[in-house]
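Trainee: Attaching a predicted model along with its sequence, questions to come.
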Amino acid sequence: MPRNTVRLLATALVAAMVVTAAPAATAAAVTPSSASASDPFYTYTGSEPLSSFAPGTVLKTRTLQYHLVGLPTSLRAIQLLYRTTDAQGRPSANVTTVVRSLTGDGSKAVSYQSFYDSLNPEDGPSRAIAGDLTLGGVIANAEAVFMAPLLLQGYDLVIPDTEGQTANFAAGPEYATNTLDSIRAATRSAETGMDADTRFGLMGYSGGAIATNWAAALAPSYAPEVNSKLVGFAEGGLLVDPAHNLKYVDGSLVWSGVIPMAIIGVSRSYDIDLKPYLNAYGLEVYEKLERGSIVDALGHYPGLTWKRMAKSQYSDPNSVPAFVQAVNRINLGSAPTPTIPGFIAQGNGGVLEGTFSNRPGIGTGDGVMVAGDVRTLARQYCGAGNGSIKYQQFDLLSHVAVPVVWAPVAMGWLNDRFAGSNAPSDCGRIPAGNSLAPESPVPAS
């Protein structure tokens, strides 16, 4: 595909970002209408049970035109249905999209994890690429502004639906398996031009950072052959300790809507029923957001608090044992240390987005992510023996502003890793942060 097509794609998607911010079978061609919820491509229909396939096995393949806000471009994409594993270790099927290098080079690739943050599977990047335009899916469209430069630099792109086919928002371990098995599938498909020797970089911001960091952390145990081909992970705006984040955004003007989104995502991923702990208003919000995206949550519930949603005896979220167990399972502070180099960026200007500038015991952040948690995680990795951690904090930038400056730095950092340069280290210079100890349940009042 001509390079100017990619440049036009990136330029057009800048406008899409502005809109968003306001408020193993044979290949077959598909049309935008086939990317609907009833699209049979997303369903495994084989006679053998999914459990009989190894994670990363390709189950179906199709080729299509890459769509931009519902309109086809000349860029071709390959989509794979593959076997993976959910948050509870059960076999499942998921979809990833591969865009081949403009140079035809299959030796290097970037797995880009989207920040589509949604509880609706129809908002996933694979559906947006196939032409199914939803309000939440505009985010997945807009991110091509970050991916186009990678194509221009000769990388293959792998774009997994990190949240899986039930859109389990914030379920980090499941994000990881979906991402790692996506890489496995991409290197096992004859259509992609990649193979077991292809080297990969991981890249993602916000929700994409959840997938990126968890994938880097779990790769040595879950997919050691993938880990051996990873050159590094670059991320920004990271969720580390969900319990801290819920307290941080509690009552904020913009980000408080992530409270019910996280409740729903945690409930869904671990089959936990948290609705009995919610009051009538909490249930109303829960039902409105069950298939909502971050677009439906941002700014829609100004000042919302956990206490406003919970029954009076559960005004402290730690009085709900099932919730405490779930947030502890998705606390990155308790996950293994990645063995590959990492670049971790974090904003610290959240007061600009209506979040309290300093929460007692938690400190400051970018409006939704807690800077002290991210610093502690980076220091923890250094202390555990990974001396190739670069940490950069943007003290004047909020969560929405950071990716503009983060993306080019992250791409440059990944370029250096692929080139074989020694990874820089900020170990010993990262300021102290918060305790990432697991939450402890308290009696209901």
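Mentor: In hand now; what should we look at? The model shown is predicted, which means the values in this text are computed figures rather than measured ones. Numbering: from 1, shown residues only.

Trainee: Any stretches of the chain with poor pLDDT?
Mentor: Along the chain, segments meeting pLDDT under 70 span 1-37, 352-354, 356.

Trainee: remind me, longest strand of it?
Mentor: Looking across the chain with DSSP state E, the single longest strand is strand 71-85.

Trainee: buried ones in that strand?
Mentor: Across strand 71-85, burial judged by 16 or more other Cβ atoms under 10 Å covers 73, 75, 77-85. No exception for glycine: its C-beta is placed from N, CA and C like everyone else's.

Trainee: next one: stretch 143-157
Mentor: Applying 16+ other Cβ under 10 Å to stretch 143-157 flags 143-148, 150-151, 153, 155-157 as buried.

Trainee: Can you show me the strands along the stretch 151-300 of the chain?
Mentor: 156-160, 199-205, 230-236 (DSSP state E, counting those that start in this stretch).

Trainee: Which among those is found nearest to residue 56?
Mentor: Nearest to residue 56 among those is strand 156-160 (11.4 Å), distances taken as Cβ to Cβ.

Trainee: For that closest one, enumerate the helices and strands it packs against.
Mentor: Packing contacts for strand 156-160, counted by 3 or more Cβ pairs under 8 Å, 6 or more residues apart in numbering; DSSP states H and E, involve strand 91-99, strand 108-113, helix 125-130, helix 144-152, helix 172-188.

Trainee: picking that back up, what's the most distant pair in the buried residues of stretch 143-157?
Mentor: 145 and 156, at 18.4 Å, using Cβ to Cβ across those.

Trainee: quick one on the thing from earlier: please tabulate the strands of the stretch 151-300 of the chain in CSV, including the columns distance to residue 393.
Mentor: Shown next, in CSV, are the strands of the stretch 151-300 of the chain (distance: least, Cβ to Cβ, whole Å):
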stretch, distance to residue 393
strand 156-160, 28
strand 199-205, 15
strand 230-236, 10
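
Trainee: Tell me which of the ones you listed sits nearest to residue 102.
Mentor: If we rank the strands of the stretch 151-300 of the chain by Cβ to Cβ, the stretch that ends up nearest is strand 156-160, at 9.6 Å.

Trainee: and the closest one, which strands flank it?
Mentor: Strand 156-160 has the following strand partners under DSSP bridges: strand 91-99 (antiparallel), strand 108-113 (parallel).

Trainee: of all the ones you listed, which lies closest to residue 423?
Mentor: Nearest of the strands paired with strand 156-160 (Cβ to Cβ): strand 108-113, 16.4 Å.

Trainee: quick check: angle from the closest one to helix 172-188?
Mentor: Counting by axes from the mean of the first three to the mean of the last three Cα atoms, to 10 degrees, strand 108-113 lies at 150 degrees to helix 172-188.

Trainee: Now do strand 108-113 and strand 199-205, the angle between them.
Mentor: 30 degrees.

Trainee: ok, and what's touching strand 108-113?
Mentor: 101, 143, 146-147, 150, 154-160, 162, 175, 179, 182-183, 186, 194, 198-204, 207-212, 215, 414, 418 (Cβ atoms under 8 Å, 6 or more residues apart in numbering).

Trainee: the helices in the stretch 301-445 of the chain, which residues?
Mentor: Along the stretch 301-445 of the chain, the segments classed as helices by DSSP state H, counting those that start in this stretch run 306-309, 321-329, 371-383, 402-418.

Trainee: what's the most buried one of those helices?
Mentor: helix 371-383 (a mean of 24; mean count of other Cβ atoms under 10 Å).

Trainee: who does it touch, helix- and strand-wise?
Mentor: strand 342-347, strand 389-394.

Trainee: Restricting the selection to alpha carbons, write that helix to PDB.
Mentor: What follows is helix 371-383, C-alpha atoms only, in PDB (Å, rounded to 0.1, in the frame of the first residue of the first chain):
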ATOM      1  CA  ALA A 371       1.300   8.300  40.100                       C
ATOM      2  CA  GLY A 372       2.600   6.900  43.400                       C
ATOM      3  CA  ASP A 373       1.400   3.400  42.500                       C
ATOM      4  CA  VAL A 374       3.200   3.500  39.200                       C
ATOM      5  CA  ARG A 375       6.400   4.800  40.700                       C
ATOM      6  CA  THR A 376       6.300   2.000  43.300                       C
ATOM      7  CA  LEU A 377       5.800  -0.600  40.600                       C
ATOM      8  CA  ALA A 378       8.800   0.700  38.600                       C
ATOM      9  CA  ARG A 379      10.900   0.600  41.800                       C
ATOM     10  CA  GLN A 380       9.700  -2.900  42.600                       C
ATOM     11  CA  TYR A 381      10.800  -4.100  39.200                       C
ATOM     12  CA  CYS A 382      14.200  -2.500  39.700                       C
ATOM     13  CA  GLY A 383      14.500  -4.100  43.100                       C
END
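
Trainee: Between strand 230-236 and that helix, find me the angle.
Mentor: 160 degrees.

Trainee: still on that earlier bit, in CSV: the strands paired with strand 156-160, plus distance to residue 54.
Mentor: Listed next are those as CSV, based on distance: least, Cβ to Cβ, whole Å:
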stretch, distance to residue 54
strand 91-99, 10
strand 108-113, 19
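
Trainee: want to throw those strands into JSON lines with distance to residue 304 and mean neighbour count?
Mentor: Shown next, in JSON lines, are those (distance: least, Cβ to Cβ, whole Å; neighbours: other Cβ atoms under 10 Å):
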{"stretch": "strand 91-99", "distance to residue 304": "31", "mean neighbour count": "25"}
{"stretch": "strand 108-113", "distance to residue 304": "27", "mean neighbour count": "27"}
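
Trainee: Go through the ones you listed and name the closest to residue 284.
Mentor: strand 91-99 (30.5 Å).

Trainee: I'd like the C-alpha coordinates of the closest one written as CSV, please.
Mentor: What follows is strand 91-99 as a C-alpha-only set of coordinates in CSV (Å, rounded to 0.1, in the frame of the first residue of the first chain):
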residue,chain,number,x,y,z
PRO,A,91,-10.4,-21.9,27.2
SER,A,92,-11.9,-19.2,25.1
ALA,A,93,-11.8,-17.8,21.6
ASN,A,94,-10.7,-14.3,20.7
VAL,A,95,-9.9,-12.1,17.6
THR,A,96,-6.8,-10.2,16.6
THR,A,97,-5.9,-8.1,13.6
VAL,A,98,-2.6,-8.1,11.7
VAL,A,99,-1.5,-5.4,9.4
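
Trainee: List phi and psi for residue 63.
Mentor: Note on residue 63: backbone dihedrals following degrees, to the nearest 10 are phi -110, psi 150.

Trainee: actually residue 190, sorry about that
Mentor: The phi/psi pair for residue 190 (degrees, to the nearest 10) is phi -70, psi -20.
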